[in-house]
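Colleague: From the sequence below, what's the structure:
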Amino acid sequence: MHALELGRAFTLLEPGPVVLVTTHDGHRPNVMTISWTMVVDFTPKFAITTGAWNHSFAALRETRECVIAVPAADQLDLVVGIGTCSGADTDKFAKFGLATRPGRFVKAPLVPACLANVECRVIDLIARHDIVILEGVAAYMDIARKEKRMLHAVGDGSFIADGRKFDRKVQMASKLPALS
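Modeller: Now for the predicted structure:
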């Protein structure tokens, strides 16, 4: 085996998909790209990693709500563009021509161009590790959207789109929650 620089080990353990997280501070909405996401359990609980270095974090901390918008692979340039500028001095919705729609339960806007949107409330902030635990209160999916592959950040400036799906639902049935 070839030795890998320990500082790059995180690129092997890629988390969930890259998402856009929208917030609203009471005056205006903002959107940020988050590449470190995960499902917490089989309930609608999610974790993202963010902190004071992101302009949207203050709104997230104060309002305790947001929308997780899941972009598709054909939105890679949008995801990178949003992630490489700051809402402190840029209206990202205007800059990227990103339309929004009001959420039903939170003030943060939905992004209808994305594959899916989940309205969330913050249920915990783990400051020591910059982890925000979210609970989904409503979810929406664009089932008519042709591109359904999600993006995953490797962590070195490259991305991977979902590929072939392997179905093992029968074998996993005893470990999966019953879906209604």
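Colleague: Just want the most central residue of this protein.
Modeller: residue 19 (2.7 Å; CA atoms, centre = their mean).
Colleague: and it, what does it touch?
Modeller: Applying CB atoms under 8 Å, 6 or more residues apart in numbering, we find residue 19 in contact with 33-34, 37, 48, 68-71. C-betas here are computed from N, CA, C, even on glycine.
Colleague: For stretch 46-55, which residues meet the burial criterion?
Modeller: Across stretch 46-55, burial judged by 16 or more other CB atoms under 10 Å covers 46-50, 54-55.
Colleague: From residue 117, how far off is residue 104?
Modeller: 11 Å (CB to CB, to the nearest Å).
Colleague: hey, where'd the helices end up in the protein?
Modeller: 56-63, 76-83, 92-95, 169-172 (DSSP state H).
Colleague: and those helices, which is most packed in?
Modeller: helix 56-63 (a mean of 19; mean count of other CB atoms under 10 Å).
Colleague: For the residue nearest to the centre of the chain, list each beta-bridge partner.
Modeller: residue 34 (DSSP bridges).
Colleague: can you tell me how far it sits from residue 158?
Modeller: 17 Å.
Colleague: swap in residue 172?
Modeller: On the measure of CB to CB, residue 172 and residue 158 end up 30 Å apart.
Colleague: What is the burial count for the nearest residue to residue 145 once chain neighbours are set aside?
Modeller: Spatial nearest neighbour of residue 145, excluding adjacent residues (CB to CB, 6 or more residues apart in numbering): residue 115 at 5.6 Å. Residue 115: 22 surrounding residues under other CB atoms under 10 Å.
Colleague: residue contacts, residue 115?
Modeller: 70-72, 141-142, 145, 147-148, 150.
Colleague: picking that back up, wait, which of the helices of the chain is closest to residue 126?
Modeller: Closest approach to residue 126 among those (CB to CB): helix 56-63, 12.3 Å.
Colleague: Now do that closest one: distance to the chain's middle.
Modeller: Distance of helix 56-63 from the chain centroid (CA atoms, centre = their mean, to the nearest Å) equals 15 Å.
Colleague: Also stretch 73-93?
Modeller: From the chain centre to the centre of stretch 73-93 is a distance of 13 Å (CA atoms, centre = their mean).
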